[in-house]
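>>> model the following, please.
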Amino acid sequence: MSLEGAADPADSRAQVIVLGQTAEAAELRHLLAMQGVDCAKAQDAPCLIACDRDWIIDASHPYDEQAPSRWNGRDPTGRRRYLRIWRQGWSAEPADSWRVFESPGAMAAGLPSGARAMLTLGRERLAPFSARADCFFLVRIRRPGPVTLALRDHIVSQGAGPFEPDGEAALMRDHRITHLLTRNDGAIGAWPKIGAARALGLPVWMLARPPVLGERVANAAEAMLWLARQGALDLKGARGRAQMAGTAPRRELSAADANTESAMNAAPDFEEIKDTFELLDDWEERYGYVIELGKALPPFPEAARSAQTKVEGCVSQVWLLPRVEPGATPAQARLFFDGDSDALIVKGLIAVLRALLSGQTIEQIRSTDPIAALSDLGLASHLSPQRSNGLKAMVARIKGIADAAA
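Now for the predicted structure:
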């Protein structure tokens with residue numbers, strides 16, 4: 001039994017247990033810390049039942065079979081309020097050929113003889129496919145280490161990404177994949193295989209989501225609003241507790257709540273990004289978080305997409321738009337920059353570089369080693385060679401601008 005972040009029993013602030021190692025869990029812990037709320041991270045059910053906390057926010061993965069959502073949407077002790085963060089799944093488009101299956105066994109039984117299926121269900125769900133000796137399987141395993149599978153004809157594709165639709169499509173073509181069998185977990189980092197299957201016109205078979213009961217919201221921002229409605233905290237810019245009391249969780253936010261959500265989703269600084277990375281154990285979740293950072297970048301002016309702002313040396317298209325604010329000396333001038341890319345992961349890398357460097361003095365930027373900073377995150381070593389070269393090209397452009405301004 002273990003608990004991180006145990007509080008002094010005499011502390012009268014709201015006490016919250018946040019469950020899960022997802023991007024939503026990391027974001028919620030960060031938002032709660034910013035509000036001064038004591039936040040514990042329970043790692044097993046006995047601890048959860050024994051701990052005396054006011055609120056349980058379950059942000060575990062939708063397919064986590066150990067998630068306390070199996071408690072029928074309530075705290076088994078009856079002492080605390082329970083809320084589930086339930087991220088939205090993906091939705092099929094009219095031209096898609098998607099089917100939903102209640103179990104891996106049903107998926108295995110439904111495959112036609114001679115099928116060549118890509119499996120991204122997790123290794124714990126592969127046993128039923130051992131009976132299909134007449135099929136080929138391309139098995140995605142994210143965690144490193146030796147893998148032994150009881151499948152007659154298969155290849156293991158090992159790695160945590162980042163994945164992009166073009167790369168996933170090439171993998172599927174190389175192995176002549178006829179079906180994609182996966183989970184509808186809704187994670188941004190897991191989307192590229194769905195986009196690739198869509199582009200290739202492949203059937204996508206989804207494992208049905210487990211049922212979720214009780215009160216639920218879609219993301220960390222809505223969980224914060226729910227806590228405010230329960231009187232657990234007072235959000236700046238939100239409606240008062242009296243106005244929010246008794247309001248059920250909902251997907252549609254009022255204008256006031258939308259302003260609060262926007263304020264809470266303000267761009268984090270680099271130290272906050274580091275803290276979030278430490279909370280996320282899963283690299284797919286980390287890539288999803290980086291992609292979310294990229295999606296939150298300020299809109300890039302169309303007129304600024306030019307040969308002068310384009311960064312050469314990147315496989316994808318990248319633009320950086322600098323702005324220098326004068327200081328008392330050239331070295332004390334500050335460099336700000338916006339950026340954009342047509343690749344999701346690269347756009348996220350721009351957001352990380354922006355958090356690290358934008359707004360710093362010329363002297364600070366010239367003395368900072370961004371590649372080393374991203375290596376501390378573990379991010380640099382998890383990029384493909386092409387992405388690493390693109391990152392170095394972006395850093396060289398920023399450094400060159402700082403050198404010219406010095």
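
>>> mind listing what's buried in the strand or helix carrying Asp403?
Assigned by DSSP states H and E, Asp403 belongs to helix 385-405. In terms of neighbour count (16 or more other C-beta atoms under 10 Å), helix 385-405 has its buried residues at 387, 390-391, 393-395, 397-399, 401-402, 405. All C-beta spots, glycine's among them, are computed from the backbone N, C-alpha and C.

>>> which residue ranges form the helices in the chain?
Using DSSP state H, the helices of the chain run over 23-34, 45-50, 104-110, 165-174, 191-200, 220-229, 241-244, 255-264, 270-279, 283-295, 344-357, 362-367, 370-377, 385-405.

>>> rank those helices by pLDDT, which is bottom?
Least confident of the helices of the chain, judged by mean pLDDT, is helix 241-244 with a mean of 30.

>>> only alpha carbons, please: show stretch 356-374 as PDB.
Taking C-alpha atoms only, stretch 356-374 is exported to PDB below (Å, rounded to 0.1, in the frame of the first residue of the first chain):
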ATOM      1  CA  LEU A 356      12.000  27.100 -22.900                       C
ATOM      2  CA  LEU A 357      13.400  30.000 -24.900                       C
ATOM      3  CA  SER A 358      10.800  32.600 -26.000                       C
ATOM      4  CA  GLY A 359      10.900  35.700 -23.900                       C
ATOM      5  CA  GLN A 360      14.400  35.000 -22.700                       C
ATOM      6  CA  THR A 361      17.200  37.500 -23.100                       C
ATOM      7  CA  ILE A 362      19.600  37.100 -26.000                       C
ATOM      8  CA  GLU A 363      22.400  36.300 -23.500                       C
ATOM      9  CA  GLN A 364      20.200  33.600 -21.900                       C
ATOM     10  CA  ILE A 365      19.300  32.000 -25.200                       C
ATOM     11  CA  ARG A 366      22.900  32.000 -26.400                       C
ATOM     12  CA  SER A 367      24.000  30.200 -23.200                       C
ATOM     13  CA  THR A 368      21.100  27.700 -23.100                       C
ATOM     14  CA  ASP A 369      21.500  24.200 -24.700                       C
ATOM     15  CA  PRO A 370      18.000  23.300 -25.800                       C
ATOM     16  CA  ILE A 371      19.000  19.800 -27.000                       C
ATOM     17  CA  ALA A 372      20.300  19.000 -23.500                       C
ATOM     18  CA  ALA A 373      17.100  20.400 -21.900                       C
ATOM     19  CA  LEU A 374      15.000  18.100 -24.100                       C
END
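
>>> now Leu28, nearest residue through space, not along the chain?
Using C-beta to C-beta, 6 or more residues apart in numbering and skipping residues adjacent in sequence, the residue nearest Leu28 is Ala220, 4.0 Å away.

>>> before we move on, what about Lys392?
Leaving aside its chain neighbours, Lys392 sits nearest to Ile371 (6.9 Å; criterion: C-beta to C-beta, 6+ apart).

>>> burial measure for the one you found, as a count.
Using other C-beta atoms under 10 Å as the criterion, Ile371 is surrounded by 14 other residues.

>>> ok, now which ones touch it?
By C-beta atoms under 8 Å, 6 or more residues apart in numbering, the contact list for Ile371 reads 380, 391-392, 395.

>>> hmm, 10 Å instead?
Ile371 makes contact with 379-380, 388, 391-392, 395, according to C-beta atoms under 10 Å, 6 or more residues apart in numbering.

>>> again, but for Gly348
Gly348 neighbours (C-beta under 10 Å, 6+ apart): 162, 188, 287-297, 341, 379.

>>> wait, isn't Ala199 in contact with Leu180?
No - at 11.6 Å, Ala199 and Leu180 do not qualify as touching, with contact defined as C-beta atoms under 10 Å.

>>> what about these two, which has more around it?
Neighbours were counted for Ala199 and for Leu180 using other C-beta under 10 Å; Leu180 has more, 24 against 13.

>>> how does the protein divide into domains?
Domain assignment of the chain by automatic domain parsing yields the ranges 3-86+213-264, 98-207, 270-405.

>>> now for the ones you listed, which one comes closest to Ala92?
Nearest to Ala92 among the domains of the chain is domain 98-207 (4.2 Å), distances taken as C-beta to C-beta.

>>> stretch 120-138: which residues count as buried?
In stretch 120-138, counting by 16+ other C-beta under 10 Å, buried: 120-123, 125-126, 129, 132, 135-138.

>>> the closest residue to Val16 other than its chain neighbours - how many residues pack around it?
Nearest non-adjacent residue to Val16, counting by C-beta to C-beta, 6+ apart: Trp55, 4.6 Å away. Per other C-beta under 10 Å, the neighbour tally for Trp55 reads 23.

>>> need the contact list for Trp55.
14-18, 32, 37, 39, 75, 80-83, 223, 226-227, 230, 232-233.

>>> how much space separates it from Arg29?
13 Å (C-beta to C-beta, to the nearest Å).

>>> could you tell me which residues touch both of those two?
Joint contacts of Trp55 and Arg29 (C-beta under 10 Å, 6+ apart) are 16, 18, 37, 39.

>>> export those residues to JSON lines and tack on pLDDT?
Shown next, in JSON lines, are the shared contacts of Trp55 and Arg29 (pLDDT from 0 to 100):
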{"residue": "Val16", "pLDDT": "84"}
{"residue": "Val18", "pLDDT": "86"}
{"residue": "Val37", "pLDDT": "76"}
{"residue": "Cys39", "pLDDT": "71"}
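
>>> which pair in those spans the largest distance?
Checking the shared contacts of Trp55 and Arg29 with C-beta to C-beta, the most distant pair is Val18 and Val37, at 10.0 Å.

>>> overlap of the contact sets of these two?
With C-beta under 10 Å, 6+ apart as the test, Val18 and Val37 both reach 28-29, 55.

>>> follow-up on the earlier one: the residue nearest to Leu28 contacts Val18, doesn't it?
Yes - if you go by C-beta under 10 Å, Ala220 and Val18 touch, sitting 9.3 Å apart.

>>> any common contacting residues for these two?
With C-beta under 10 Å, 6+ apart as the test, Ala220 and Val18 both reach 24-29, 32, 57, 59, 85.

>>> understood, closing this out.
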